[in-house]
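A.B. asks: Quick one: sequence and predicted model below, then my questions.
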Amino acid sequence: MEDLKGNSVLITGGLGFTGSNLARRMLDEGADVTLLDRVREEKLPVVDGISDEVDIVDGDVRDEELIQEQVPSADIVYHLAAKSSRPAANENPQKNLNINCGGPLNVLEAATSCDTPPRVVYSSTLATVGNVSKTD
């Protein structure tokens, strides 16, 4: 892994399981870490032990202005914010589309508008496609 000491890392969806664990790793590597997520009480326990070491921005990847403010200060952006494909999430497909398609678009547009664009890492999980059964 490259030396991340002193690099600024922005993690969208940073209060989720994957984002919070990535934040711990980035801190171990010496990075300055900002987590962008919609802050809710039930999400905060995942950052126990690191909440004093990270900046937490309460926001949504659908907020173009907020993303335009946050992305330019990062050297690396890990875009993890997404709406899962669980049945409850499918009750509002337009919201899911706005988060899962509009969010990455906002991050990429903000990155490409920078004089020195940050590296953007987009990650996904199998949860985005739901339960897939193996066929013979």
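C.D. replies: Sure, I can see it.
A.B. asks: who touches the longest helix along the chain?
C.D. replies: Scanning the chain for the helix with the most residues, using DSSP state H, yields helix 17-28. Helix 17-28 is touched from outside by 4, 9, 11-14, 33, 35, 37, 46-47, 49-50, 53-54, 78, 80, 123, 125, with contacts defined as Cβ atoms under 8 Å, 6 or more residues apart in numbering. In short, each C-beta sits where N, CA and C put it, glycine included.
A.B. asks: ok, and for it, which residues are buried?
C.D. replies: Thr18, Gly19, Ser20, Leu22, Ala23, Arg24, Met26, Leu27 (16 or more other Cβ atoms under 10 Å).
A.B. asks: Just after the helix or strand bottoming out on mean pLDDT in the chain, pick out the following helix or strand.
C.D. replies: Lowest on mean pLDDT, DSSP states H and E among the helices and strands of the chain sits helix 93-97, with a mean of 84. The helix or strand immediately downstream of helix 93-97 is helix 103-112, counting by DSSP states H and E.
A.B. asks: Output stretch 104-112 in PDB with nothing but the alpha carbons.
C.D. replies: Provided in PDB are the C-alpha atoms of stretch 104-112 (Å, rounded to 0.1, in the frame of the first residue of the first chain):
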ATOM      1  CA  PRO A 104     -21.600   8.900  -7.900                       C
ATOM      2  CA  LEU A 105     -22.300  11.400 -10.600                       C
ATOM      3  CA  ASN A 106     -22.000  14.300  -8.100                       C
ATOM      4  CA  VAL A 107     -18.700  12.900  -6.800                       C
ATOM      5  CA  LEU A 108     -17.200  12.400 -10.300                       C
ATOM      6  CA  GLU A 109     -18.400  15.800 -11.500                       C
ATOM      7  CA  ALA A 110     -16.800  17.500  -8.400                       C
ATOM      8  CA  ALA A 111     -13.600  15.600  -8.900                       C
ATOM      9  CA  THR A 112     -13.300  16.400 -12.600                       C
END
